[in-house]
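1. Sequence and predicted model, in that order:
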Amino acid sequence: SQQGEEDPQALSIQEGENATMNCSYKTSINNLQWYRQNSGRGLVHLILIRSNEREKHSGRLRVTLDTSKKSSSLLITASRAADTASYFCATVKGSKLTFGKGITLSVRP
Amino acid sequence: DTEVTQTPKHLVMGMTNKKSLKCEQHMGHRAMYWYKQKAKKPPELMFVYSYEKLSINESVPSRFSPECPNSSLLNLHLHALQPEDSALYLCASSQPDSYPYNEQFFGPGTRLTVL
């Protein structure tokens, strides 16, 4: 079964706007990671947040984690056309990474 | 070198063929993974190798046979596949010693079509 469930499933925004993607999960985790995938190719790791962290920043990315609500959000600020991709949250338990269904982000120039 | 390479990029095979997918990394990672991804779906874990030993098999049919000949290489041997096995097969690696903070590095994938 899918551990992470992202919403929305598709998001279309204008270049320069911010994009917020949410992820919910069901069981306890060690950490939560976000990945990006362009056009059905390999995934690229974006950011990792540990279960004892609440917020983390990396460049234009901000991720939050609320373990009491079992949810995470990824914010991409000042979006660019190159940010167009599928985004997946992935929960980590032991050595297993379990991906959510993914969000398709389209950034219009 | 922070790259995971996979060959071939594309593979078309018949149901009676035997073929292999190859994955290589030179980052010194001691954990390697195979995932299967269908169109518009998330990757699904198939196998995990840790220190060249199979540690997780997610109930994958025996027509998929993984092999880890050394710490840099991971193979997936394919035999008697079905058309529903057509998918993108992704290899990944990570450093198990950094558990539980194990960022995985993915290869570009092999697009497999079974006729």
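-> Received the coordinates, thanks. Predicted, not measured: the structure shown is a model, and the values here were computed from it.
2. Let me see the mean pLDDT of stretch A:76-88.
-> Mean per-residue pLDDT for stretch A:76-88: 97.
3. Do me a favour and get the end-to-end distance for that stretch?
-> 14 Å (CA to CA, to the nearest Å).
4. Now do the buried residues in it.
-> Across stretch A:76-88, burial judged by 16 or more other CB atoms under 10 Å in any protein chain shown covers A:76, A:79, A:83-88. For glycine as for every other residue, the C-beta is placed from the backbone atoms N, C-alpha and C.
5. so who does the residue nearest to residue A:70 when sequence neighbours are not counted touch?
-> Closest residue to residue A:70 apart from its sequence neighbours, by CB to CB, 6 or more residues apart in numbering or on different chains: residue A:25 at 5.1 Å. Residues near residue A:25 by CB atoms under 8 Å, 6 or more residues apart in numbering or on different chains: A:3-5, A:32, A:70-72, A:89, A:91, A:100.
6. for the worst-scoring helix or strand of chain B on mean pLDDT, packing partners?
-> Lowest on mean pLDDT, DSSP states H and E among the helices and strands of chain B sits strand B:53-57, with a mean of 91. Applying 3 or more CB pairs under 8 Å, 6 or more residues apart in numbering or on different chains; DSSP states H and E, one finds that strand B:53-57 makes contact with strand B:44-50, strand B:64-70.
7. hmm, 6 Å instead?
-> Helices and strands touching strand B:53-57, as assessed by 3 or more CB pairs under 6 Å, 6 or more residues apart in numbering or on different chains; DSSP states H and E, comprise strand B:44-50.
8. could you give the mean pLDDT of the strand it packs on?
-> For strand B:44-50, the per-residue pLDDT averages 94.
9. just stretch B:21-40 next, same as before
-> 94.
10. and it, how far from the chain's centre?
-> 4 Å (CA atoms, centre = their mean, to the nearest Å).
11. picking that back up, would you turn the buried residues of stretch A:76-88 into TSV with secondary structure and distance to chain B?
-> Formatted as TSV, the buried residues of stretch A:76-88 follow (DSSP: H, G, I helix; E, B strand; the rest coil; distance: CB to the nearest CB, whole Å):
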residue	secondary structure	distance to chain B
A:76	strand	19
A:79	coil	22
A:83	helix	18
A:84	coil	15
A:85	strand	13
A:86	strand	9
A:87	strand	11
A:88	strand	6
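12. from the residues you listed, which two are the most distant?
-> A:79 and A:88 (17.5 Å; CB to CB).
13. Alongside chain B, which residues does chain A contribute?
-> Residues of chain A lying near chain B by CB under 6 Å from any CB of the partner chain: A:30, A:40-43, A:45, A:48, A:88, A:92, A:95, A:99, A:101-102.
14. ok, now which ones touch residue A:103?
-> Contacts of residue A:103 were listed using CB atoms under 6 Å, 6 or more residues apart in numbering or on different chains, and they are A:6, A:21, A:87.
15. For those, please prepare TSV with the additional fields distance to residue B:49.
-> Shown next, in TSV, are the contacts of residue A:103 (distance: CB to CB, whole Å):
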residue	distance to residue B:49
A:6	28
A:21	31
A:87	27
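16. Could I get the pLDDT score of the residue nearest to residue A:32 when sequence neighbours are not counted?
-> Spatial nearest neighbour of residue A:32, excluding adjacent residues (CB to CB, 6+ apart): residue A:72 at 5.1 Å. Predicted confidence (pLDDT) for residue A:72: 95.
17. Next one: the nearest residue to residue B:53 once chain neighbours are set aside from residue A:90, what distance?
-> Nearest residue to residue B:53 in three dimensions, chain neighbours excluded: residue B:68, at 7.7 Å (CB to CB, 6+ apart). In this view, residue B:68 and residue A:90 are 22 Å apart by CB to CB, to the nearest Å.
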